[in-house]
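> Compute the structure for the input listed below.
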Amino acid sequence: MADTKWNATHLPDLTGRTAVVTGANSGLGLVTAGALARAGAHVVLAVRDLARGGAAAAKVAGSTEVRRLDLADLDSVREFAAAWDRPLDLLINNAGVMMLPEQRTKQGFEMQFGTNHLGHFALTNLLLPHVTDRVVTVASGLHRGGDGVIHFEDVNLRGRYTPTRAYAQSKLANLLFTLELQRRLTEAGSPVRALAAHPGYAATNLQSHHGSALMRGLMSVANKLVAQSDTAGAQPTLYAASQDLPGASYVGPAGLGEMRGAPTLVGRSAAASDPASARRLWTLSEEMTGVTWGLKPVSRP
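Predicted coordinates for the structure are as follows:
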């Protein structure tokens, strides 16, 4: 049941803890970074543009630093991870692109799947030896949209790309990734937890990039009439990052249609709960990124 009074002011004292927030220069990421810093955490804003990241960090009251990370370029992901040399309490996989015209990442992957899923898959696995507490990945209620499946025969959707189909597939991938990550963490005897969250319908700059001019117009109107603020939209992520929840939990707004409201545990589609698909996606993601599982099982007498 949702705690209707919970918000970022109820975050515990995070002094001494370190968090990485991807895509932290605007929108949900900036709100998340600001809330964690105000609670005492040292927050690393992982951003594509260092100048924009620096301007964003200047708005945050607390301990911050800015590091370059382009999730659409696996070389950049590897560089970011290789430079990491300290314990990492919280990894917030927040960055994302939404319903773009058809594009490709540097390595040639469909942009939404490559950025939203593959970039975070690689980043998480490369940083995982440093992670001490949890990984929170921002998904979406739209994981139920599109075709509602992972197109394993061609996740790049060549010849059948639509902005909505690609976005929905990438968000479904986020949830399957969280499911399989938690299974592997448990099997390895790790105390680290993998969780997912979604913001409901939050007004951010993501909606301005839809491949259709008509949809951009409709989303602009909906942002003004229906959406909750980016501050409210970040609450499920902050809840997942700070509360004592089971691994593989999924947090979203408690209101009608999970569009707005206080954070609570929410359901997901049957496709997002399928362990066989989660394992298949993990194997495919390892093949596509060249990044493999790094944690070893805990030896037991």
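
> Quick check: buried residues in the longest helix along the chain?
Using DSSP state H to define each element, the chain has its longest helix at helix 163-187. For helix 163-187, a neighbour-count test (16 or more other Cβ atoms under 10 Å) marks 163-185 as buried. No exception for glycine: its C-beta is placed from N, CA and C like everyone else's.

> Please tell me how far the closest residue to residue 11 other than its chain neighbours sits from residue 278.
Leaving out its chain neighbours, the residue that sits closest to residue 11 by Cβ to Cβ, 6 or more residues apart in numbering is residue 39, at 4.1 Å. Distance check for residue 39 against residue 278: by Cβ to Cβ, to the nearest Å, it reads 32 Å.

> a strand runs through residue 284, doesn't it?
No - using DSSP: H, G, I helix; E, B strand; the rest coil, the assignment for residue 284 is helix, not a strand.

> Give me the pLDDT value at it.
The model reports residue 284 with a pLDDT of 98.

> shouldn't it be in contact with residue 152?
Yes - between residue 284 and residue 152 there is a contact at 6.6 Å, judged by Cβ atoms under 8 Å.

> Would you mind telling me which of the two has the busier surroundings?
The neighbour comparison of residue 284 against residue 152 (other Cβ atoms under 10 Å) goes to residue 284, with 16 against 11.

> for the more buried one, what are its contacts?
Residue 284 makes contact with 152, 155, according to Cβ atoms under 8 Å, 6 or more residues apart in numbering.

> Any buried residues in the strand of greatest length in the chain, and which?
As assigned by DSSP state E, the longest strand anywhere in the chain is strand 131-138. Across strand 131-138, burial judged by 16+ other Cβ under 10 Å covers 131, 133-138.

> which one of those residues sits closest to residue 30?
residue 138 (13.2 Å; Cβ to Cβ).

> Could you find the closest non-adjacent residue to that closest one?
Nearest residue to residue 138, sequence neighbours excluded (Cβ to Cβ, 6+ apart): residue 94, at 4.8 Å.

> okay, now the one you found: neighbour count?
So residue 94, with other Cβ under 10 Å, has 26 neighbours.

> And the residue nearest to residue 11, how far from residue 7?
Note on residue 39: its distance to residue 7, by Cβ to Cβ, is 12 Å.

> Between these two, which has more neighbouring residues?
The neighbour count for residue 39 versus residue 7, taken as other Cβ under 10 Å, is higher for residue 39 (22 against 17).

> which residues does residue 138 bridge with?
When assigned by DSSP bridges, residue 138 has beta-bridge partners residue 197.

> so it touches residue 240, yeah?
No - if you go by Cβ under 8 Å, residue 138 and residue 240 don't touch, sitting 9.1 Å apart.
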